[in-house]
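Trainee: What would the 3D arrangement of this be:
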Amino acid sequence: MTVLELPPDWLERAFELISEKDEVASVKKERQRVKERLRRLGRVYLDGLFPEDEYRRQKQSLETQLESLVIPEIDATKEAGRLLSQLPELWDRATLAERHDLLTRMMDGVYVDMKASRSVVAIKPKPAFRPLFRLATMRTESGVKLLQ
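Mentor: Residues are numbered from 1 along each chain as shown. Predicted coordinates:
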């Protein structure tokens, strides 16, 4: 079974992760890369090399990616931590639709090994949750890979 658990000092450690300059630089670099891809995609479309439906699909995908590339704010991470700390209780009482809503508010992606273990093998959290899930996946026994 895969276990994701926040350490007792999660809030202080999350603040440290948020303020890391490397993460800020990484997000800025990735945002620039996605913006450049959007620019090139528009140029290819204008040159008539892409059909409109393919252009719209790729453009929407890149715009969604760009929206998710933000530096999490401390307040947002605090709220995310509170939600995570209450998640077991919320999950037990939630309907299937509410569980889906909870996951889509926290994650951009959840990757499951459907053949062997039938368990979560990787997650891609939303920006406010990224520092918290980074802390949770640092535990060696979590078995879950964190994707950026």
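
Trainee: need the contact list for the closest residue to Tyr45 other than its chain neighbours.
Mentor: Closest residue to Tyr45 apart from its sequence neighbours, by C-beta to C-beta, 6 or more residues apart in numbering: Tyr55 at 4.2 Å. (Glycine included, C-beta is placed from N, CA and C.) Counting by C-beta atoms under 8 Å, 6 or more residues apart in numbering, Tyr55 touches Leu41, Val44, Tyr45.

Trainee: Assess the claim that the first one and Ser61 are in contact.
Mentor: No: counting by C-beta atoms under 8 Å, Leu41 sits too far from Ser61 to count as a contact (9.7 Å).

Trainee: out of these two, which sits in the busier spot?
Mentor: Set side by side, Leu41 and Ser61 show more neighbours around Leu41, with 17 against 13, by other C-beta atoms under 10 Å.

Trainee: excluding its backbone neighbours, what's nearest the residue nearest in space to the middle of the chain?
Mentor: Using C-alpha atoms, centre = their mean, the residue of the chain that lies closest to the mean C-alpha position is Pro125, 2.3 Å off. Spatially, and ignoring its direct neighbours in sequence, Pro125 is nearest to Phe133 (4.4 Å; C-beta to C-beta, 6+ apart).
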